[in-house]
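Enquirer: My questions are about this predicted structure, shown below with the sequence.
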Amino acid sequence: MDKISIKGGARLYGQIPISGAKNAALPLMVASLLTDEPLILTNVPKLADVVFMAELLKSFGVNVEWTPGQKLGEGGTYRLQANRVRGSTAEYDIVRKMRASFFVLGPLVVRVGLAKVSLPGGCAIGARPVDLHLKGLQALGAAIDVAEGYVIADAPAGLAGGEVVFPMVSVGATENVLMAACLAQGRSVLVNAAGEPEIVDLGNCRMAMGAKISGLGTSRIVVDGVSKLHGASHAVLPDRIETGTYAMAVAIAGGEVELTGTTPDLVSSLLELLVLIGAEVSSTGTGIKVVRNGSRPKSVSVDTAPFPGFPTDLQAQFMALMATAEGTSRIRETIFENRFMHVPELVRVGADIKVEGDTAIVTGVGRLHGAPVMATDLRASSSLVLAGLAAEGETIVNRVYHLDRGFERLEEKLRAVGANIERQSE
Ligand code: EPZ
């Protein structure tokens, strides 16, 4: 199993190219099930989850062609064509490995009239139920049955459209229902919908395929169903979590780096905090420049929240940054109930963190100290890399396969700006 070794203390200078967003690419790929014409996706990051999604789609008869990008940060291109959809079952072994597999439920039921998809089960960051996905599809007219660990969604005459009121904001449920609503036979209104940039990207791609959608990016999305979607070409939006992670890498290590191929509006909640801790942040026209020289970062507190609030997917990385800051910070996780698995690992490198319910109280220490640590999930892994950049001595991050699910060529990108980081393959 690969490990990553980081020798801390180097400041970072240069440019880091930002890749396409994993969490946009995955539902965008699934949308290929909605048409028999080719869907061309560019700026696709080469990540384990993306490859996995391509395999899942192949199992439904989707023809998949991949052309890799050439340079660091340059995305690849997928040509996906589902002439005929074969089968309607996503097995447990597939869905348990990648929750995003559950996205096929809506598209399959509306295209084939039937979908049988394994319940994903809980995961390292929380229970993560799928009740909102199911209620949403029910409101559009699907009959839903849950038996022997599988969800069976049945709509032999197609979906009818309807009003879906989400009791809480869910990115995945909004995406699942949005995809199905595009081909339903009437108007669907999604109330309290998620407004994350990845949903806007998904909706824009659907509109390029002929869907009629309004209200993207707001909490009320209206979809007027059409009988057929056609092919389209779409570029995946930049990864805001990768952007935020590297912005914090500069803040924790010090230096001056331009993050290219991304935009400040995707991470404005984080950039505001970075200014408060003492970093300089500016828009360059081609990306975002982050500078931190001189004194230690200052502590600030934050609560995670749906977009445009502070993303839960940046919470672990922000905690690593606050572990080195001057003062005490309170970090409250409001999206997932168990997303502090990185705390004991950060404590191993010398952080002073106490957890009280949904809040981590982080008292900054002058210096972290390198140690072997274990990654528990994707974003937690990246927080350990950030801690390693600031720590004295060597930090070894084990279970790097978590990182490979969501960060494209992380060690190459960081090495290119001066970090002492390398992958050790066994
Ligand atoms: C998406 O997960 C992302 N995954 C997550 O990124 C991200 O952390 C999350 O949104 C929040 O921003 C993808 O886009 C593939 P939710 P998702 O439904 O859609 C509860 C990463 O590291 N809920 O918005 O699964 C749920 O338990 C990953 O890249 C229900 O109760 O998140 C959670 O507490 C991790 N019932 C809250 O809602 C449901 O039916 C928000 O979850 C659905 C969700």
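Expert: In hand now; what should we look at?
Enquirer: who's T67 bridged to?
Expert: For T67, the beta-bridge partners are T77 (DSSP bridges).
Enquirer: Surely L414 is in contact with G14?
Expert: No: at 10.3 Å, L414 does not count as touching G14 under the criterion of Cβ atoms under 8 Å. Just so you know, the C-beta spots here come from the backbone N, C-alpha and C atoms, and that holds for glycine as well.
Enquirer: More neighbours: which of the two?
Expert: L414 (27 against 12; other Cβ atoms under 10 Å).
Enquirer: residue boundaries of the helices in the stretch 251-400 of the chain?
Expert: With DSSP state H, counting those that start in this stretch as the criterion, the stretch 251-400 of the chain has helices at 268-277, 315-323, 343-348, 378-390.
Enquirer: The stretch 1-150 of the chain too?
Expert: Under DSSP H, counting those that start in this stretch, the stretch 1-150 of the chain gives helices at 22-30, 48-59, 92-95, 105-112, 131-139.
Enquirer: ranking those helices by mean pLDDT, which is last?
Expert: For the helices of the stretch 1-150 of the chain, mean pLDDT drops lowest on helix 92-95, to a mean of 89.
Enquirer: about what we covered before: is it possible to get JSON lines of the helices of the stretch 251-400 of the chain that adds mean pLDDT and mean neighbour count?
Expert: Formatted as JSON lines, those follow (pLDDT from 0 to 100; neighbours: other Cβ atoms under 10 Å):
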{"stretch": "helix 268-277", "mean pLDDT": "98", "mean neighbour count": "19"}
{"stretch": "helix 315-323", "mean pLDDT": "98", "mean neighbour count": "29"}
{"stretch": "helix 343-348", "mean pLDDT": "97", "mean neighbour count": "20"}
{"stretch": "helix 378-390", "mean pLDDT": "97", "mean neighbour count": "28"}
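Enquirer: out of those, nearest to the ligand?
Expert: helix 378-390 (4.5 Å; Cβ to the nearest ligand atom).
Enquirer: quick one, the closest one and helix 22-30 angle?
Expert: Here helix 378-390 runs at an angle of 150 degrees relative to helix 22-30 (axes from the mean of the first three to the mean of the last three Cα atoms, to 10 degrees).
Enquirer: Does stretch 91-110 reach the ligand?
Expert: Yes: Stretch 91-110 reaches the ligand (Cβ under 6 Å from any ligand atom) through A100.
Enquirer: Quick check: buried residues in that stretch?
Expert: Across stretch 91-110, burial judged by 16 or more other Cβ atoms under 10 Å covers 94-95, 98-110.
Enquirer: Quick one: residues contacting L28.
Expert: Under the criterion of Cβ atoms under 8 Å, 6 or more residues apart in numbering, the neighbours of L28 are L39, L41, D201, L202, C205, H234, V236.
Enquirer: Narrow the residues you listed to those in strands?
Expert: The strands, defined by DSSP state E, take in L39, L41, H234 from the contacts of L28.
Enquirer: Report pLDDT for the nearest residue to the last one once chain neighbours are set aside.
Expert: Excluding the flanking residues, the one nearest H234 by Cβ to Cβ, 6 or more residues apart in numbering is C205, at 4.1 Å. On the pLDDT scale, C205 is placed at 98.
Enquirer: Distance check, C205 against V151.
Expert: Per Cβ to Cβ, to the nearest Å, C205 is found 25 Å from V151.
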